[in-house]
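Visitor: Need the 3D shape of this:
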Amino acid sequence: MGNGHSHENKGHARTRTEEALHASELSYRRLFETAQDGILILDAETGRVNDVNPFLIKLLGFSHGEMVGKTVGELSPFKDIVSNQAMLERLQKHGYVRYENLPLETCDGRKVAVEFVSNVYQVGNAKVIQCNIRDITARKQTEESLRLLSSAVEQSHDSVTITDAELDLPGPRIVFVNPAFTKMTGYTAAEVIGKTPRILQGLRTDKAVLSRLRCDLEQGKTFAGETVNYRKDGTEFDLAWQVAPLRNSAGKITHFVATQRDVTEQKKLEMQLRQAQKMEVVGQLAGGIAHDFNNILTVIQMQCDMLKMDPQPSPTELEYAEEIGEATRRAAALIRQLLLFSRKETLQPRDLDLSQSINDMTKMLRRILGDDVEMRFKFAPQSLLIHADAGMIDQVLMNLAVNSRDAMPSGGLLIIETSAVDFDESIPAPSIQTRPGSFACLSVSDTGGGISPENLPRVFEPFFTTKKADKGTGLGLATVFSIVQQHHGWVNVYSEVGHGTTFRIYLPRLASGSGQKSQAADRPALQGGTETILLIEDDGFLRAAAQKTLSQSGYRVFTAMNGTDALEVWKQNRDQIQLLLTDLVLPGGMNGMELGECLLKENPKLKVVYASGHSAEVALKELALKEGVNFLSKPFQSFKLSQTVRRALDTAPS
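Guide: The predicted model follows:
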């Protein structure tokens, strides 16, 4: 009985074992057939393929029959494996081999990157090699994309900051910054990781922009804005930045990435562009008013000249006439300066003594500054000869003096000095503009309230002013700066709040020569004539004054207010007219140049003199205009008008 039961139990056990083994083989086969990795089964001794699963067949494009029975080295996808024989020997010795990035080529020529892992194990009495082949092409592409992205972020000129998504105070904390962040802010990654971007904020950081940033981030939006930030050393810089949310696969925001750019220089360029646009407007305005205003000044000047020509003027009348004439000349210089500042006028330099020019201004300065301002002058003992536009130098002194007066509303002391200064390489330069050479220095100092440190760098900016709207235009010091630059000089300013201000102007000094005689020098007697002149001027007062001056000099004068009227006068009197005197700018469609060309075609012997509020160089470069010969610059004096007309009439035909 016992033996029977024993045999029966052994039979059941064997059956169960066989069933379990069969179940295991079925399970393995199912895994083999459905695996998402390629599987090769090789004979461990020969290295020939015993089996291949469907995934590998699909991946490589070869059929089951094309692969079974061949060695790995005979299969073209595996021909590039480093020494198939060496791999087999390693497997036989160690039972394991692995290649992390093995390039395979499919039957249709596609490149596939795989991870290749082989193991040796016992199956019954035989050893087999199982090769697991995982397609990592997509993973490698992702890794390459990440590598490129990382390299781009590292190499980017824009600062990149990544923070966590915590919006509650103190706010998101920095988890990553690129090298550009360090270059822009001065902070290393170690100094900011774990801290909030508030480390870059300061007094002038725009709170409204920060509020908009928080609102956009709370709503999951991308933010873009600009504000002021602060570097590690405390210096300000203008920042333009974008902040975008980063989401995980579930759509939840996990981080914020910010790209930031230092736009300080860009802001400066934009400001310069705006200033240039403002100056373009000023130039257009100046060009528009110069013509009419110069006409008015010319009338005033000519009427003043007539007062002085009165047979029995009283000393008081002569003094008044001199003052009117001087004021007219200053006003004309102001218009010229405005045209110069807006690049619509050129300088008219000559050799002059700086100290003498300043001395000639003292009387007018005392009247302008008033009794509350005490003036002191200190002139250099030697001659300070410079090559400069006299009217522009007067304007520089006038603007500086008025600026000092406004800085001393309750009165004070104004000191004006001239001196000779020499610079060479061995002397420390007082400013970056200083260069070696001999210079004449004009110094204007006041005892006013001084200029605050934050305003000092901006005092020469066009339209910048701290004065009330009705007290200043912001052009005074900008004008000084422009004129001095045009004369190849520079300006230094020194100021302390509560202790006054000193402006020093440096202009190149001439080594020798002498300045021209002043306008007060005796002029030669005016030479008149009996010729007939056609005068075209649209301003009635100026037309009448010029006609009166020329008539008193003996000339016969026909007048017209525009080109059309002038042509009518010409038709009736062409044989009598020897000279055309016309403004370049005329109403009615025909300008002075066109009128002159038209009349010269009919009479080539006609002499022509043009007049304009601009200099000859600017007025019309196409014509050979020469001051005092065939061109009159407004406003002109009576003697200049008569002198130019006589000179033109006496010029031999070309």
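
Visitor: what bridges to residue 224?
Guide: Using DSSP bridges, the beta-bridge partners of residue 224 come out as residue 242.

Visitor: just checking, it touches residue 258?
Guide: No. Contact criterion C-beta atoms under 8 Å: residue 224 and residue 258 do not qualify, at 10.5 Å. The C-beta positions use only the backbone N, C-alpha and C, and glycine is treated the same way.

Visitor: who has more neighbours, the two?
Guide: Neighbour comparison, residue 224 and residue 258: the larger count goes to residue 258, with 21 against 14 (by other C-beta atoms under 10 Å).

Visitor: helix or strand for the more buried one, which one?
Guide: Per DSSP states H and E: residue 258 is located in strand 253-262.

Visitor: Ok, residue 160 next?
Guide: Residue 160 belongs to strand 159-164 when elements are defined using DSSP H and E.

Visitor: helices and strands around whatever helix or strand comes next after that strand, which ones?
Guide: Following strand 159-164 in sequence order, the next helix or strand is strand 174-177 (DSSP H and E). Based on contacts counted as 3 or more C-beta pairs under 8 Å, 6 or more residues apart in numbering; DSSP states H and E, the elements that strand 174-177 packs against are strand 159-164, helix 189-192.

Visitor: Just the CA trace of strand 174-177, in CSV.
Guide: Extracted C-alpha coordinates of strand 174-177, given in CSV (Å, rounded to 0.1, in the frame of the first residue of the first chain):
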residue,chain,number,x,y,z
ILE,A,174,15.8,81.4,-7.2
VAL,A,175,16.8,77.9,-8.2
PHE,A,176,19.0,78.7,-11.3
VAL,A,177,20.8,81.6,-12.9
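
Visitor: What are the contacting residues of that strand?
Guide: 159-164, 187, 189, 192-197, 255 (C-beta atoms under 8 Å, 6 or more residues apart in numbering).

Visitor: Give me the buried subset of those residues.
Guide: Those of these that meet the buried threshold are 159-164, 187, 192, 196-197, 255, by 16 or more other C-beta atoms under 10 Å.

Visitor: Looking at these, which is nearest residue 350?
Guide: Looking at the buried ones among the contacts of strand 174-177 and their distance to residue 350, the nearest is residue 159, at 55.7 Å (C-beta to C-beta).

Visitor: Name the residues contacting each of residue 224 and residue 258.
Guide: Listed as contacting both residue 224 and residue 258 by C-beta under 8 Å, 6+ apart are 241-242.

Visitor: all strands for the stretch 201-350 of the chain, in order.
Guide: When assigned using DSSP state E, counting those that start in this stretch, the strands of the stretch 201-350 of the chain occupy the ranges 223-230, 236-247, 253-262, 350-353.

Visitor: Then residue 119 would be within a strand, right?
Guide: Yes. Secondary structure assignment (DSSP: H, G, I helix; E, B strand; the rest coil) places residue 119 inside a strand.

Visitor: Verify the stated contact: it with residue 128.
Guide: No. The pair residue 119 and residue 128 fails to qualify as a contact (C-beta under 8 Å) at a distance of 9.4 Å.

Visitor: Which one of these two is surrounded by more residues?
Guide: Remark: of residue 119 and residue 128, residue 128 carries more neighbours, 17 against 14, as counted by other C-beta under 10 Å.

Visitor: Which helix or strand lies directly C-terminal to the helix or strand harbouring the more buried one?
Guide: Under the criterion DSSP H and E, the helix or strand holding residue 128 is strand 126-135. Past strand 126-135, further along toward the C-terminus, the next helix or strand under DSSP H and E is helix 137-155.

Visitor: Quick one: residues in contact with that following helix.
Guide: Counting by C-beta under 8 Å, 6+ apart, residues outside helix 137-155 touching it are 101, 111-114, 160, 178-179.

Visitor: Give me the distance between the residue positioned nearest the centre of the chain and residue 113.
Guide: Closest to where the C-alpha atoms of the chain average out (C-alpha atoms, centre = their mean) is residue 269, at 1.9 Å. When C-beta to C-beta, to the nearest Å is applied, the distance between residue 269 and residue 113 equals 49 Å.

Visitor: so what's the closest residue in space to residue 255 that isn't next to it in sequence up against?
Guide: Once its chain neighbours are removed from consideration, residue 255 has its nearest residue in residue 246; the separation is 4.2 Å (C-beta to C-beta, 6 or more residues apart in numbering). Residues in contact with residue 246, defined by C-beta under 8 Å, 6+ apart, are 162, 253-257.

Visitor: at 7 Å instead, please
Guide: The neighbourhood of residue 246, defined by C-beta atoms under 7 Å, 6 or more residues apart in numbering, consists of 253-257.

Visitor: Make TSV out of these and add distance to residue 150 and pLDDT.
Guide: Compiled in TSV, these are given as follows (distance: C-beta to C-beta, whole Å; pLDDT from 0 to 100):
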residue	distance to residue 150	pLDDT
253	22	91
254	18	90
255	15	91
256	18	92
257	13	91
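
Visitor: Of those residues, keep whichever come out buried.
Guide: Buried subset of those (neighbour count, 16+ other C-beta under 10 Å): 255-257.

Visitor: Take the contacts of helix 137-155 and, keeping just the buried ones, write it as a ChimeraX select command.
Guide: Selecting only the buried entries of the contacts of helix 137-155 in ChimeraX, with 16+ other C-beta under 10 Å as the criterion:
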select :112,113,114,160,178,179
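
Visitor: List the ones among the contacts of helix 137-155 that fall in helices.
Guide: residue 179 (DSSP state H).

Visitor: Show me which of the contacts of helix 137-155 has the smallest pLDDT value.
Guide: Here the lowest pLDDT out of these sits on residue 101, with 75.

Visitor: would you list the contacts of residue 246 in JSON lines and tack on distance to residue 409?
Guide: As requested, the contacts of residue 246 are exported to JSON lines (distance: C-beta to C-beta, whole Å):
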{"residue": "253", "distance to residue 409": "59"}
{"residue": "254", "distance to residue 409": "62"}
{"residue": "255", "distance to residue 409": "59"}
{"residue": "256", "distance to residue 409": "53"}
{"residue": "257", "distance to residue 409": "55"}
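
Visitor: ok, so of those residues, who is nearest residue 596?
Guide: Of all those, residue 257 has the smallest distance to residue 596: 69.7 Å, by C-beta to C-beta.

Visitor: does the closest residue in space to the closest one that isn't next to it in sequence have beta-bridge partners, and which?
Guide: With C-beta to C-beta, 6+ apart as the criterion, residue 257 has its nearest non-adjacent residue at 5.0 Å, and that residue is residue 162. On the basis of DSSP bridges, residue 162 takes part in beta bridges with residue 176, residue 257.

Visitor: shaky segments in the stretch 351-500 of the chain?
Guide: For the stretch 351-500 of the chain, applying pLDDT under 70 flags the ranges 424-433, 462-475.

Visitor: could you redo the last one with a cut-off of 80?
Guide: Screening the stretch 351-500 of the chain residue by residue with the criterion pLDDT under 80, one finds the ranges 423-435, 453, 456-476, 494, 496-499.

Visitor: which residue ranges form the strands in it?
Guide: Residue ranges of the strands in the stretch 351-500 of the chain, as given by DSSP E, counting those that start in this stretch, are 373-378, 385-388, 412-423, 437-446, 490-495.

Visitor: Looking at those, spot the one closest to residue 73.
Guide: Nearest to residue 73, of all the strands of the stretch 351-500 of the chain, is strand 490-495, at 83.1 Å by C-beta to C-beta.

Visitor: partners of the closest one in the sheet?
Guide: The sheet places strand 490-495 alongside strand 501-508 (antiparallel), with pairing taken from DSSP bridges.

Visitor: Sort out which residues of the partner strand are buried, please.
Guide: Of the residues in strand 501-508, those buried by neighbour count under the rule 16+ other C-beta under 10 Å are 501-507.

Visitor: Stretch 58-72 now?
Guide: Residues of stretch 58-72 classed as buried under the neighbour-count rule (16+ other C-beta under 10 Å) are 59-60, 62, 66-67, 71-72.

Visitor: Same question for stretch 212-225.
Guide: Within stretch 212-225, the residues scored as buried using 16+ other C-beta under 10 Å are 213, 216-217, 223, 225.

Visitor: and those as a markdown table, adding pLDDT?
Guide: Compiled in a markdown table, the buried residues of stretch 212-225 are given as follows (pLDDT from 0 to 100):
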| residue | pLDDT |
| --- | --- |
| 213 | 91 |
| 216 | 91 |
| 217 | 90 |
| 223 | 92 |
| 225 | 91 |
